[in-house]
Structure formats: C-alpha cells, structure tokens
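[1] Here is a sequence with its predicted model. Questions after.
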Amino acid sequence: MIHAFSSFLNCTAHSIRPACIARNCVIFILVWLSKTAFCQTSIPFLETSKANGLEFLHDDMAAEEGYLVSMMGSGLASFDYDGDRRIDLLFLNGAKLDGSKAAPFGFFRNESTGSWVRRTDDSQLTSKGFGLGVAIADVDNDGFQDIAISSFGSCALWRNMGDGSFVDASESSGISQTPIAFGAGVCFLDANRDGQIDLYVADYVEFTLERFEKAAKKSFPYPPGPGDFPYRSDHLLINQGNGKFADESEARGIASIRSPSMGTICGDFDQDGDSDIFVCSDARPNLLFINDGDGYFTEEALVFGVANSASGEIVGSMGVDAADLDNDGWEDLFITDYSAQVPLLFRNIEGQGFEDIALRSRVGKDLFPHVNWGLGLCDFDNDSDRDLMVGNGHLFAWAKKVEQLTDFKVRNTLMTNDGRGFFQNATPQAGSGMEIVESTRGMAFDDFDNDGDIDAAILNSDAPANLLENQSLQMGHWLQLELVGVSMNRDAIGAQVRVKANGKWQFAEKRSGRSYQSHYGSRIHFGLGDADEVEIVEIRWDTGVIQYQGVQADRLHVMVQPTK
C-alpha cells in the first residue's frame with residue numbers, strides 16, 4: 001500500500017558536460033572535469049533557530065570544570081511525536097551530579113515550515129539526571145512514538161499518550177530496575193524477531209565524585225578519563241509484550257563484556273536477517289555483537305575487523321553512523337574519534353568483514369586535529385550518494401593550553417561524497433551555518449521544513465543549539481519513505497530498502513538510535529540525482545521482500561507492510 005503524503009516542486013540537478021573534447025585527451029579532460037566539479041560542490045546551510053523560535057540552551061550545570069559526565073554532553077532526537085508529518089525535536093540537558101537539580105529538556109513542536117514552539121511543559125517530560133543518550137520507537141505499537149533516555153545513574157522510558165503528553169513508564173515497564181551507572185548510547189531493535197521492540201542501553205564507566213577526586217591528584221594537566229574508573233557492561237532489555245521489559249543481558253551474551261561504551265547503532269550488517277549491535281568504546285577496542293537469529297549475541301569485532309583502526313591503533317571512539325557509502329548494497333560504518341586520531345571508516349566487504357579505508361577515502365586530514373562527536377551520513381545535495389557532517393569540539397574549556405591543533409570551540413565539518421566513497425571537505429563553501437564556532441555533541445538530521453532536502457539540528461555543550469537549513473540550489477530529485485510495520489514492529493525497525501532510479505540501486509535500513517547518543521532518520525531519505533522517476537522500491541519486511549513500482553519521485557510516501 002502506498003500513500004503519497006504531499007507534492008513538492010521538482011528540483012533538477014545541474015550536470016556538467018564538456019562542450020568539446022579532443023579525441024586524444026578524452027580521459028584526461030573527463031577526469032579533470034570530474035575532479036573540478038567535485039571540489040566546487042556547494043551545499044550552503046543557514047542558521048535559523050532563533051529567528052524561528054527554536055531557542056534552547058544546553059547547561060551542563062558543572063560546579064567545576066573537568067567532571068567526565070559534564071564534558072561528555074548530551075544527545076538529541078528528531079521525530080514526529082504527534083503524527084502531523086512534521087519532524088519535531090527533543091534536546092536533552094545537564095544536571096547536578098548529586099541529583100539536586102536538573103536543567104529542563106528542550107522539547108519543540110514543528111508547527112509549520114520554519115516555525116517552532118516549545119512544548120516541554122505540555123509534554124510533561126522531566127529530567128531524571130544528566131541526560132546523555134536518547135532513542136525513539138513506538139514501543140507499544142499504538143501509532144505514537146515513545147522515548148528512551150539514558151542519564152547519569154538511570155534509564156527512563158516515556159510513553160506517548162497521543163495527546164501531546166508523555167507518561168513516565170520507567171517503573172511500570174521495569175526499565176528503572178536496570179542498574180545504569182553512566183548512560184550513553186541507546187538503541188531500539190527487535191533482537192529476537194518476535195515483532196516487539198527491545199532496548200539496548202550502553203553503560204560507560206562507574207564514575208563517582210570520590211573516585212574523581214582521588215584520580216585528579218595524579219592526572220594533571222588532564223582531568224581523570226575513562227581509564228580511571230571501572231568499566232561497565234551494557235544492557236539488553238527484552239520486550240515481554242505486556243508493557244514490561246526484562247534485562248536479559250547476561251543470558252544473551254552482552255553482560256560478559258565490560259567496556260567504556262559510548263555511541264551505539266544496530267543493523268543487519270551481515271544481512272542474514274537479524275539485527276546486530278555495534279558499540280563505540282572509548283580508548284578500548286570497539287564491540288560488534290553478532291546476532292545468531294534468536295537474539296543471542298557473540299562479540300566478534302576483532303573477527304569482523306572493526307575493533308581497531310587499520311594500523312591496529314585503539315582510538316577514542318565517540319559516535320557512529322551507518323550507510324552504504326559506495327552504493328554496493330552493504331552498509332558501511334563511520335566512527336568519530338578523539339583529537340589527533342584519524343576517524344574510522346569501515347567499508348563493509350559483503351558482510352564477511354570490514355576494512356578501514358579512512359585514509360584512502362580522504363576523510364582523515366581535516367577531522368584529525370579535533371575531537372569529533374555527532375555525525376550524519378546523509379545525501380545533503382540529493383545527488384544519490386551519502387555525504388558526511390561531523391560535529392567537533394574538545395572536552396576541556398582549556399584545550400588550547402594542552403593541545404595546539406584544536407580548541408574547545410571549533411567549526412563543524414561538511415564533506416561531500418564523489419559517489420565512490422571518497423570525500424572532499426566542503427566546509428568552506430557551506431555557508432554561514434557552517435561558520436559557527438561551538439563545541440558540538442549530539443547531532444540529528446531530517447527534512448525539518450518538508451522541502452525535500454536534509455537539514456541539521458545541533459546540540460552544543462553548555463551553549464545554544466543550532467538549526468541549519470539546507471539551502472542548496474544544485475539539488476537533485478529525492479524520495480522519502482515512512483515505513484509502517486504490521487506483522488513486524490510498527491516502526492519497521494530492521495526493515496531494509498533498496499531503490500532503483502536511472503539504473504542505479506541505493507540501499508538503506510530503518511533504525512533507531514545513532515550518531516553521538518542521538519536519534520534521527522525516522523523517515524528514510526534517498527537523493528535521486530537527475531532521475532525524476534523511481535523504477536523500483538524494494539522493501540525487505542520480516543515476512544519477505546516486496547517490490548513496488550509507480551512510486552513517484554519528489555514525494556514522501558507512507559509504505560504499509562502488506563498483510564498477505
């Protein structure tokens with residue numbers, strides 16, 4: 001079943017064709033033109049938050065600089081909480097570490113194109129501590145999006161009542177019984193393929209003020225880091241189907257690993273029909289939990305080649321996103337890292353493993369000096385390949401005193417993809433929105449103004465948030481899909497989509513939880529380049545693969561899983 005939500009103006013992508021080419025230098029000139037066009041790619045972004053009513057100030061509420069929790073910052077989520085086909089925003093916020101006071105969340109309803117209204121009070125969402133990670137899913141399959149939030153010392157579940165308000169279901173669902181010391185990335189997934197949404201919650205380290213004060217005496221000039229505190233194991237909470245979750249981490253192979261976990265993402269990375277779990281580890285080998293099909297996991301990061309960098313270096317992994325960067329039908333992984341470290345770009349070798357191609361793809365040079373946090377692998381110019389935006393900023397306000405290549409507040413980075421998985425820094429041509437100098441943490445990417453291109457929402461540590469409107473004039477055609485599961489979970493988390501246009505296939509998976517402890521992409525977005533027609537949309541539901549034809553370009557379509 002296909003429903004066209006609304007119609008938008010077509011945007012035809014500009015192409016560059018040589019007017020005349022001498023026969024004896026065809027190859028040279030074509031290559032030169034290709035490189036020239038690639039280097040001149042412009043995707044301008046305009047900062048529009050304050051002008052349109054989206055004013056949020058993150059407050060880490062740190063009594064003094066140097067607390068590990070305060071430096072980690074918060075994530076955010078973009079999702080349609082009221083079903084009006086406009087993407088709304090939730091910004092997490094800081095708190096006193098002793099629990100005495102918390103800064104309010106920033107919950108904003110997207111009222112219309114370019115207009116935002118704060119609904120934090122109406123939503124009844126309240127902080128349970130320093131908000132760190134967030135993920136979104138329709139937990140009870142009632143048609144409204146629910147919220148999981150991990151914080152310092154707790155994890156919470158907020159059920160969407162469908163009237164603009166949320167109810168704290170942490171205790172009634174059993175989630176509050178899960179012992180979280182230092183929340184981090186959060187993901188929803190159907191781990192055991194029973195049609196119910198389960199929850200993965202990362203746990204960083206066992207941070208206490210007493211341990212901090214003891215470690216601080218010998219850590220100067222750096223404050224105590226993750227290695228100064230005991231590591232924690234993560235948690236897998238299985239949905240019992242009656243509104244309750246049970247912590248089955250030990251039985252399902254998760255609890256045996258202790259690691260300083262940060263960003264997380266779930267997906268069927270080996271395409272065997274179930275959801276696997278990738279976990280960023282801070283200055284420890286990354287984790288990859290491979291699903292056996294019944295929701296039992298084996299940690300195989302080293303076997304699959306994603307534990308360390310290509311050189312074997314263990315890096316400070318922060319955030320992660322997944323996308324098919326070279327359009328070969330397999331999702332790759334991009335991981336942001338600490339300063340003076342090359343970020344990781346793991347190319348998926350047909351599900352048999354990954355290779356780190358960060359240096360070969362040219363993403364390392366411009367990101368290397370800075371601490372990198374949130375990120376998005378999105379087709380910002382709709383040219384049919386995934387680009388990259390990365391949030392930068394150091395942990396320490398005094399960063400310049402100890403690290404000469406970077407600072408606490410720096411510009412974020414935009415890199416464009418040439419279609420083969422090679423990247424070029426496009427930040428200098430990316431408009432005033434990319435000139436902002438802050439210390440970014442969480443990032444979310446969606447079409448906030450419903451004009452067919454991807455915008456960006458940015459949470460900055462202890463500073464105002466930014467909303468960047470994509471204003472590219474060289475925009476290709478596009479397709480957006482909202483998936484609705486019937487026999488599978490209603491959000492169709494875990495469903496895979498392949499789209500063919502102009503003879504070219506693209507691939508994506510529906511997921512919940514990504515970037516740096518954030519959530520975005522409830523709609524699946526494809527840039528189509530100069531293709532104004534979609535040949536085939538192919539969706540792998542839990543019941544099998546269905547092909548759809550006659551799906552119009554430049555539309556948002558609601559795709560409902562067939563009942564037969």
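    It's in.
[2] Show me where the stretch 301-450 of the chain has its helices.
    301-304, 358-361, 364-367, 399-402 (DSSP state H, counting those that start in this stretch).
[3] weakest of these by average pLDDT?
    The stretch with the lowest average pLDDT out of the helices of the stretch 301-450 of the chain is helix 364-367, scoring a mean of 86.
[4] before we move on, the earlier item: dump the helices of the stretch 301-450 of the chain into JSON lines; add mean neighbour count and distance to residue 170 as well.
    Backbone N, C-alpha and C define where each C-beta goes, glycine included. Formatted as JSON lines, the helices of the stretch 301-450 of the chain follow (neighbours: other Cβ atoms under 10 Å; distance: least, Cβ to Cβ, whole Å):
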{"stretch": "helix 301-304", "mean neighbour count": "17", "distance to residue 170": "31"}
{"stretch": "helix 358-361", "mean neighbour count": "18", "distance to residue 170": "39"}
{"stretch": "helix 364-367", "mean neighbour count": "18", "distance to residue 170": "37"}
{"stretch": "helix 399-402", "mean neighbour count": "14", "distance to residue 170": "36"}
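[5] With distance to residue 248 as new columns, can those helices be given to me in TSV?
    Supplementary listing: the helices of the stretch 301-450 of the chain in TSV, determined by distance: least, Cβ to Cβ, whole Å:
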stretch	distance to residue 248
helix 301-304	21
helix 358-361	35
helix 364-367	37
helix 399-402	41
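[6] Minimum distance to residue 444: which of those has it?
    helix 364-367 (19.5 Å; Cβ to Cβ).
[7] closest one to residue 201 among the helices of the stretch 301-450 of the chain?
    Proximity to residue 201 (Cβ to Cβ) singles out helix 301-304 among those, at 18.8 Å.
[8] now this structure, which segments are flagged as low pLDDT?
    Within the chain, the stretches with pLDDT under 70 are 1-41, 63-65, 113.
[9] where exactly do the helices run in it?
    26-39, 68-72, 120-123, 170-173, 209-216, 301-304, 358-361, 364-367, 399-402 (DSSP state H).
[10] For those, give me a markdown table that also has distance to residue 376.
    Putting the helices of the chain into a markdown table (distance: least, Cβ to Cβ, whole Å) gives the following:
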| stretch | distance to residue 376 |
| --- | --- |
| helix 26-39 | 20 |
| helix 68-72 | 19 |
| helix 120-123 | 25 |
| helix 170-173 | 29 |
| helix 209-216 | 33 |
| helix 301-304 | 23 |
| helix 358-361 | 16 |
| helix 364-367 | 14 |
| helix 399-402 | 24 |
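[11] Which of those helices sits closest to residue 479?
    helix 26-39 (23.5 Å).
[12] Just the CA trace of stretch 404-422, in PDB.
    Once non-C-alpha atoms are left out, stretch 404-422 reads as follows in PDB (Å, rounded to 0.1, in the frame of the first residue of the first chain):
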ATOM      1  CA  GLN A 404      47.900  23.100  20.000                       C
ATOM      2  CA  LEU A 405      46.000  21.700  16.900                       C
ATOM      3  CA  THR A 406      42.500  22.300  18.300                       C
ATOM      4  CA  ASP A 407      40.400  24.200  20.800                       C
ATOM      5  CA  PHE A 408      37.200  23.700  22.900                       C
ATOM      6  CA  LYS A 409      35.100  25.600  20.300                       C
ATOM      7  CA  VAL A 410      35.800  25.000  16.600                       C
ATOM      8  CA  ARG A 411      33.800  24.800  13.400                       C
ATOM      9  CA  ASN A 412      32.000  21.600  12.400                       C
ATOM     10  CA  THR A 413      32.900  19.800   9.200                       C
ATOM     11  CA  LEU A 414      30.900  19.000   6.000                       C
ATOM     12  CA  MET A 415      32.400  16.500   3.500                       C
ATOM     13  CA  THR A 416      30.900  15.600   0.100                       C
ATOM     14  CA  ASN A 417      31.000  12.100  -1.400                       C
ATOM     15  CA  ASP A 418      32.100  11.600  -5.000                       C
ATOM     16  CA  GLY A 419      29.800   8.500  -5.400                       C
ATOM     17  CA  ARG A 420      32.600   6.000  -4.800                       C
ATOM     18  CA  GLY A 421      33.100   6.600  -1.100                       C
ATOM     19  CA  PHE A 422      35.800   9.300  -1.500                       C
END
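[13] show me where the stretch 201-350 of the chain has strands.
    235-239, 245-247, 261-267, 276-281, 287-291, 297-299, 320-323, 332-335, 344-348 (DSSP state E, counting those that start in this stretch).
[14] for the helices of the chain, which one sits closest to residue 534?
    Going by Cβ to Cβ, the one of those nearest residue 534 is helix 26-39, 24.9 Å.
[15] Format the strands of the stretch 201-350 of the chain as TSV; extra columns: mean neighbour count and distance to residue 399.
    Below are these laid out as TSV (neighbours: other Cβ under 10 Å; distance: least, Cβ to Cβ, whole Å):
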stretch	mean neighbour count	distance to residue 399
strand 235-239	24	32
strand 245-247	20	38
strand 261-267	28	19
strand 276-281	26	21
strand 287-291	24	28
strand 297-299	19	33
strand 320-323	26	23
strand 332-335	26	21
strand 344-348	25	22
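[16] The ones you listed: which one's closest to residue 388?
    Per Cβ to Cβ, nearest to residue 388 of the strands of the stretch 201-350 of the chain: strand 332-335, 6.7 Å.
[17] What degree of burial does residue 187 show, as a neighbour count?
    29 (other Cβ atoms under 10 Å).
[18] and it, what is it in contact with?
    135, 199, 200, 264, 265, 266, 277, 511, 512, 513, 514 (Cβ atoms under 8 Å, 6 or more residues apart in numbering).
[19] ok, now with 10 Å
    Residue 187 sits next to 133, 135, 137, 148, 198-202, 236, 263-267, 275, 277-279, 493, 511-514, 519 when contact means Cβ atoms under 10 Å, 6 or more residues apart in numbering.
[20] Figure out which of the helices of the chain is closest to residue 350.
    Across the helices of the chain, closest to residue 350 is helix 301-304 (Cβ to Cβ), at 12.0 Å.
[21] centre of the chain versus the closest one, how much separation?
    22 Å (Cα atoms, centre = their mean, to the nearest Å).
[22] Check which helices and strands that helix sits against.
    Packed against helix 301-304 by the contact rule (3 or more Cβ pairs under 10 Å, 6 or more residues apart in numbering; DSSP states H and E) you find strand 276-281, strand 287-291.
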